Structure formats: C-alpha cells, structure tokens
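Trainee: Take this sequence and fold it.
(one chain, ligands or ions: 1)
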Amino acid sequence: MTPRVLPIVALGNPVLRQVGRDLAPAEILSKDVQQLIERMRETMRRAPGVGLAAPQIGLSVNLAVVEDRPENLDDMEPEERAKKDREAVPFHVLVNPRLEVVDAVPIRFFEGCLSLSGFVAVVARARAVRVQALDHRASPVTIDAHGWYARILQHETDHLNGIVYVDRMETRTFMSADDHAVQWAGMPVEIVRGALDASRPLP
Ligand code: ZN
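Mentor: This is a model prediction of the structure:
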C-alpha cells in the first residue's frame, strides 16, 4: 500500500520557526516514526522535492528525508549539471543532524522551498559540508557532501533550526518561479544578479 501523503505547511506557520527536538534511538525505531519516514518519503516524491524536513509537515522534531533521483537530472544539460556539481543522491534519512562547513566558499544558485511554493531566490551556500546524524535504523552516519547535495543538506538542517531560505537569500533576486523559468532559465546566476543589481545596498 502506498503511504498516505502528508499536507505540507506553508511559511507563516510558527512550526517552521521553531528549533526541533532531537529523537531518541528508541523513538526512531518505533512504529510511529518508521511510518512517518515512509509518509515523508512519499510526500517528498509527490511534491516533488529533493528534501523534506519534519517541521514542513508540522512536527518540530529533528528529522528530514533527502533524495535527488536520477530522473531529476535527465532534463539537465551536462554543463548545467557540472556547474551545479549535482549528482543523484539515493533516498536517506537524517535524524538529529549536526552540520559543519568544510569549504566555506560561497556558491550561488537559485533555490526554492516546498513551504513557499511558486517562488525562488539566489542563496549563497557553502561548497562542502560534513553532516553527522543518525539514520533510519538509529545508526550514526557521517556524510561528506559537496555541490548541490551540500546545498540540500544545508537547506534541510536549516529547517530543523527554524531557518528558511528567505532568511539567507539575496532579497533582490526573489521572484516567482514562473518568471524565473520564462526569463532566466539556463542563464548564469552572475548575469541575473547583475541585471537585478543584487548586491545593491539599501539607502
Ligand atoms: Zn525547504
């Protein structure tokens, strides 16, 4: 049976602004949390998205799911994939993740969020990170990630700390996803930032 899809909460709901609580190993292995993981996977796939954090389905706990399926990359030009340093990531679960920046060089790309659908903005993210977490079996894992995967991990661990990408975005690049697709698809981010005078300070 396909697990039931959960409603995704939108920006404005205070749960997205709370710091989540860690899960104990026994809780992770419980039937409830195992079922929750299945439902979060289905919700993420249907959305569709490449990550989903528990606060986005209304639960203030430190749990997120991540998956960047190979078919997500099918429509991308090889140059774009290379530029974004994007590779498929098999489905996995992050519980109680702690993120450490390994390479702080800021990489700028447009990103969006299922809790603020229909919009995107440029967000600078660290090039490489290390995440220590527990997996779905409550076993400790260490993940070394770079490029797009590192971006996903930063976005999802932010959610567990009550942080949404709009807190980190270059505000002048905030736009509707439709407009982005029509006007700027495939364009280098630096060109878009220049056209929108993204680094202009407010008077
Ligand atoms: Zn998000």
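
Trainee: And the top helix by length along the chain, what does it pack against?
Mentor: Longest helix in the chain, counting residues (DSSP state H): helix 31-46. Counting contacts by 3 or more C-beta pairs under 8 Å, 6 or more residues apart in numbering; DSSP states H and E, helix 31-46 is packed against strand 51-53, strand 63-68. Where C-beta positions appear, they are placed from N, C-alpha and C, glycine not excepted.

Trainee: if you compare those strands, which one is most tucked away?
Mentor: strand 51-53 (a mean of 27; mean count of other C-beta atoms under 10 Å).

Trainee: so where's the longest strand in the chain?
Mentor: Criterion DSSP state E: the longest strand present in the chain is strand 89-111.

Trainee: Which positions within the one helix or strand in the chain whose mean pLDDT sits lowest qualify as buried?
Mentor: Lowest mean confidence among the helices and strands of the chain (mean pLDDT, DSSP states H and E): helix 78-84, at a mean of 93. For helix 78-84, burial by neighbour count (16 or more other C-beta atoms under 10 Å) applies to 83-84.

Trainee: Output that helix as CSV, nothing but the C-alphas.
Mentor: The C-alpha coordinates for helix 78-84 follow below in CSV (Å, rounded to 0.1, in the frame of the first residue of the first chain):
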residue,chain,number,x,y,z
PRO,A,78,25.6,18.2,-18.8
GLU,A,79,27.2,21.7,-18.5
GLU,A,80,24.5,22.8,-16.0
ARG,A,81,24.9,19.6,-14.0
ALA,A,82,28.6,20.2,-13.9
LYS,A,83,28.2,23.8,-13.0
LYS,A,84,25.8,22.9,-10.1
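
Trainee: what's it in contact with?
Mentor: Contacts with helix 78-84, where a contact means C-beta atoms under 8 Å, 6 or more residues apart in numbering, come from 73, 76, 87, 109, 147-148, 186.

Trainee: what about that helix, distance to the chain center?
Mentor: On the basis of C-alpha atoms, centre = their mean, to the nearest Å, helix 78-84 sits 19 Å off its chain's mean C-alpha point.

Trainee: Please apply the same query to stretch 89-107.
Mentor: Worked out by C-alpha atoms, centre = their mean, stretch 89-107 lies 10 Å from the chain centre.

Trainee: Could you do stretch 107-117 as well?
Mentor: 8 Å.

Trainee: buried stuff in it?
Mentor: Those would be 107-116, for stretch 107-117 by 16+ other C-beta under 10 Å.
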